[in-house]
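Sequence and predicted structure below; questions after.
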Amino acid sequence: PRPMDIAEIDVAAAAARRAAGAVVVDVRNPDEYEAGHVPGAVLIPLPELAARVGDVPAADDLLVICRSGARSRTAAEHLATVGITATNIAG
């Protein structure tokens with residue numbers, strides 16, 4: 001299967017979009033989230049995402065974050081399969 005076309009932005013662009021009202025979903029593990037996270041980010045660990053897709057906030061601009069950008073890309077791809085557009089925060 002060909003890779004999905006998922007939009008990616010860097011942390012600086014994410015901060016600007018968050019200031020403009022974007023919603024951030026953090027897909028790291030709870031211990032990583034507790035160690036530090038984007039203020040207001042909704043924690044839905046990647047292994048729980050499929051079961052908790054109903055917990056993903058409705059947003060005109062949805063951003064997904066993890067530590068490196070790998071898990072959040074996987075999350076954005078999964079969300080795309082259920083009709084939710086999300087932008088991956090890389091890095």
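That came in fine, so what should we check first?

how much space between the residue most central in space within the chain and residue 30?
For the chain, the residue nearest the mean C-alpha position is residue 64 (1.2 Å; Cα atoms, centre = their mean). Noted for residue 64: a distance of 16 Å to residue 30, by Cβ to Cβ, to the nearest Å. C-beta: built from backbone N, CA, C; applies to glycine.

got it, and residue 89?
Taking Cβ to Cβ, one finds residue 89 at 19 Å from residue 30.

These two: who's more crowded?
Looking at residue 89 and residue 30 with other Cβ atoms under 10 Å, you find the greater number of neighbours at residue 89, namely 27 against 10.

That one is in contact with residue 73, isn't it?
No - with contacts counted by Cβ atoms under 8 Å, residue 89 stays clear of residue 73, the gap being 9.5 Å.

anything in contact with each of these two?
Common neighbours of residue 89 and residue 73 (criterion: Cβ atoms under 8 Å, 6 or more residues apart in numbering): 8, 64.

any weak-confidence spans in this structure?
1-3 (pLDDT under 70).

Take the longest helix belonging to it, keep the C-alpha atoms, and write them as CSV.
In the chain, taking DSSP state H as the definition, the longest helix is helix 70-81. Extracted in CSV, the C-alpha atoms of helix 70-81 (Å, rounded to 0.1, in the frame of the first residue of the first chain):
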residue,chain,number,x,y,z
ALA,A,70,6.4,8.6,14.2
ARG,A,71,3.5,7.6,16.5
SER,A,72,1.6,10.8,15.7
ARG,A,73,1.9,10.1,12.0
THR,A,74,0.5,6.6,12.6
ALA,A,75,-2.3,8.2,14.6
ALA,A,76,-3.0,10.7,11.8
GLU,A,77,-3.2,7.9,9.2
HIS,A,78,-5.6,6.0,11.4
LEU,A,79,-7.8,9.1,11.9
ALA,A,80,-7.8,9.6,8.1
THR,A,81,-9.3,6.1,7.6
